[in-house]
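*Asks:* Predicted model follows, preceded by the sequence.
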Number of protein chains: 2
Amino acid sequence: MTREQLITQIKTKRSYLCIGLDSELEKLPASVQKQPDPIFFFNKMIIDATRDLCVSYKINTAFYESQGVKGWDAMQRTVEYIGEDHFRIADAKRGDIGNTSAQYAKAFFETLPFDAVTVAPYMGEDSVSPFLKQEGKWAIVLGLTSNKGAADFELQWMGEQRLYEKVLNKVSQWGNTDNLMFVVGATQASEFTHIRNLIPDHFLLVPGVGAQGGSLEEISAKAMNRDGGILVNASRAILFASGGSDFAEAARKQSSLYQQEMNGYLSQFAF
Amino acid sequence: MTREQLITQIKTKRSYLCIGLDSELEKLPASVQKQPDPIFFFNKMIIDATRDLCVSYKINTAFYESQGVKGWDAMQRTVEYIGEDHFRIADAKRGDIGNTSAQYAKAFFETLPFDAVTVAPYMGEDSVSPFLKQEGKWAIVLGLTSNKGAADFELQWMGEQRLYEKVLNKVSQWGNTDNLMFVVGATQASEFTHIRNLIPDHFLLVPGVGAQGGSLEEISAKAMNRDGGILVNASRAILFASGGSDFAEAARKQSSLYQQEMNGYLSQFAF
């Protein structure tokens, strides 16, 4: 999906919601656990209930890999089921030496039909650039993450800048606003104004709203640009809005609340 | 596998060779490509030919994920086929927020029977610690990697230290020498003496010998400690020593050359 197509999706749906399919087997409702393929069944129900309210689905590979081969199978069927009208993110946090990152790009962009992969920047340019070579495919590089551990390295000073700022500055030179986004956690609201000074035009993927406690209003006010410019992810708050057999309706209801709130912020801060 | 068991393997086999099963489908010999399950067939032949010469096998997940579900299936069968007498490394470079890293630990330590997973340190403590919770299971955290991109962030100064030194110092406080190793690339030979001052006792996983050009002698002289203390990985130099149907014999021959050389360095620098 190109940047232009993504922006069209945001404008059409009046939403910049990304739903994170962190479909942890043990947390699925009892009625779903009985299905022959519970994770895919659950995802399908969630997707069917929320398609018109979100512009993106994010599949966190960890929750699939923990189930081994059948987890990868559920992941493959899920990303195929989503289809081409949503921006499909493999939240995989990959990154390795060049020839290996190229294999990961093949895994997620060719073998599986994702539009984007999250990438860890530690190993530098040749670990990121293999994800930047295909039209309509994206690397979403970790900038400043939502977790406590962000303080250990990302927020440490490296000369005049913190590490994560150095990452934003340097990595943004390796790609462009059509193939590169950054992860910035919603729990880091105080940094967003500053981040937008460094990279005004890149899309940001913002996890950490909902279960992790970030404020959608504050993020939207500080991080949005005239293209919208952010994808805000919610996972557990939507997937597990109800633990009963009405989980899909509850997920729709929660997604709808986000979409309505986002509609307002889009009018206020973007278009 | 515990540290003690690993050291016993090294002493018994007089080897600290790790064979990297970067079994890229397109590079496999024509005779192997015809098999119904070429990657597993190839790995099985390599493993059968080299078992007594190495103490570890390293599976780089990228080369399996690029083949999708059947790649994960080949990975699972390979790690099961290796068995418990070798130190089985998932070279996966994972790392995410705590609850997600816990899912990766489950994937590689429970669903698949690996002994160790390589982990990217960027996201800090809660991204690493879930890999440090099980007896005999290891996190191998990226310190200084073998690629050109290491210069982009890892070798940049962060106050009085380079980033990778800060990583070694900080991460080594989160675990101990029984559950934590570090990746240091063989192409970074000039740093090894310094690294051993920082972390004298931790095992190091050293890729980059062979195709990437690092010197086994120099690494061994500088990085070995009285427990051996290093696992040196070779992948392409062994797997593709011959591109013909004699690939397994050629892999054995190349592995044997490494083992003989290592035997000498063990006498000289360790035990």
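*Replies:* Received it, and whenever you're ready, just let me know what you need. Fair warning: this is a prediction, and the values are worked out from it, not measured in the lab. Residues are numbered from 1 along each chain as shown, chains lettered A, B, ... in the order given.
*Asks:* how about the residue of chain A positioned farthest from its centre, what does it touch?
*Replies:* Using CA atoms, centre = their mean, the residue of chain A lying farthest from its centre is A:G159. It sits 30.1 Å away. With contacts defined as CB atoms under 8 Å, 6 or more residues apart in numbering or on different chains, A:G159 is in contact with A:K166, B:Q156, B:W157. C-beta here means a position set from N, CA and C on the backbone, and glycine is covered the same way.
*Asks:* what's the answer for A:A251, then?
*Replies:* Residues near A:A251 by CB under 8 Å, 6+ apart: A:I46, A:A49, A:T50, A:I238, A:L239, A:A241, A:S242.
*Asks:* and with 7 Å instead?
*Replies:* For A:A251, the contact set (CB atoms under 7 Å, 6 or more residues apart in numbering or on different chains) comprises A:I46, A:A49, A:T50, A:I238, A:L239, A:A241.
*Asks:* Now stretch A:32-44: buried residues?
*Replies:* A:V32, A:P38, A:I39, A:F40, A:F41, A:F42, A:N43, A:K44 (16 or more other CB atoms under 10 Å in any protein chain shown).
*Asks:* Tell me if whatever helix or strand the third one lives in is near chain B.
*Replies:* For A:I39, the host element (DSSP states H and E) is helix A:38-50. No: when contact is scored as CB under 7 Å from any CB of the partner chain, no part of helix A:38-50 falls within range of chain B; the minimum is 12.4 Å.
*Asks:* what distance separates the next helix or strand after that helix from the middle of the whole chain?
*Replies:* Sequence order places strand A:56-60 as the next helix or strand after helix A:38-50, per DSSP H and E. Distance of strand A:56-60 from the chain centroid (CA atoms, centre = their mean, to the nearest Å) equals 6 Å.
*Asks:* thinking again about what came up before, could you dump the contacts of A:G159 into JSON lines with distance to A:L142, pLDDT and neighbour count added?
*Replies:* Output for the contacts of A:G159, formatted as JSON lines (distance: CB to CB, whole Å; pLDDT from 0 to 100; neighbours: other CB atoms under 10 Å in any protein chain shown):
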{"residue": "A:K166", "distance to A:L142": "13", "pLDDT": "98", "neighbour count": "21"}
{"residue": "B:Q156", "distance to A:L142": "16", "pLDDT": "97", "neighbour count": "17"}
{"residue": "B:W157", "distance to A:L142": "21", "pLDDT": "97", "neighbour count": "12"}
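*Asks:* so of the residues you listed, which ones are in strands?
*Replies:* Within those, residues falling in strands by DSSP state E are B:W157.
*Asks:* Can you tell me which of the contacts of A:G159 is nearest B:R226?
*Replies:* B:W157 (31.9 Å; CB to CB).
*Asks:* quick one: contacts for the closest one?
*Replies:* By CB under 7 Å, 6+ apart, B:W157 lies in contact with A:M158, A:G159.
*Asks:* roughly how far apart are it and A:G159?
*Replies:* B:W157 sits 7 Å away from A:G159, taking CB to CB, to the nearest Å as the criterion.
*Asks:* Same check on A:Q33?
*Replies:* Separation of A:Q33 from A:G159 (CB to CB) stands at 52 Å.
*Asks:* for the stretch 101-250 of chain A, what are the low-confidence residue spans?
*Replies:* Applying pLDDT under 70 to the stretch 101-250 of chain A picks out residues A:211.
*Asks:* Please list the residues of it that sit near chain B.
*Replies:* Going by CB under 7 Å from any CB, the residues of the stretch 101-250 of chain A near chain B are A:103-104, A:106-107, A:111-112, A:120-127, A:142, A:145-154, A:156-159, A:163, A:166-167, A:170.
*Asks:* Any of the residues you listed buried? List them.
*Replies:* Here, 16+ other CB under 10 Å leaves A:103-104, A:106-107, A:111-112, A:120-127, A:142, A:145-147, A:149-150, A:152-154, A:156, A:158, A:163, A:166-167, A:170 buried among these.
*Asks:* Tell me which of these fall in helices.
*Replies:* The helices, defined by DSSP state H, take in A:Q103, A:Y104, A:K106, A:E125, A:D126, A:S127, A:L163, A:K166, A:V167, A:K170 from those.
*Asks:* residue ranges for the strands of the stretch 1-150 of chain A, please.
*Replies:* In the stretch 1-150 of chain A, the strands defined using DSSP state E, counting those that start in this stretch lie at A:17-20, A:56-60, A:87-94, A:116-119, A:138-144.
*Asks:* Please name every helix or strand in contact with the last one.
*Replies:* This means strand A:138-144. On a contact count with 3 or more CB pairs under 7 Å, 6 or more residues apart in numbering or on different chains; DSSP states H and E, strand A:138-144 meets strand A:116-119, helix A:163-171, strand A:180-184.
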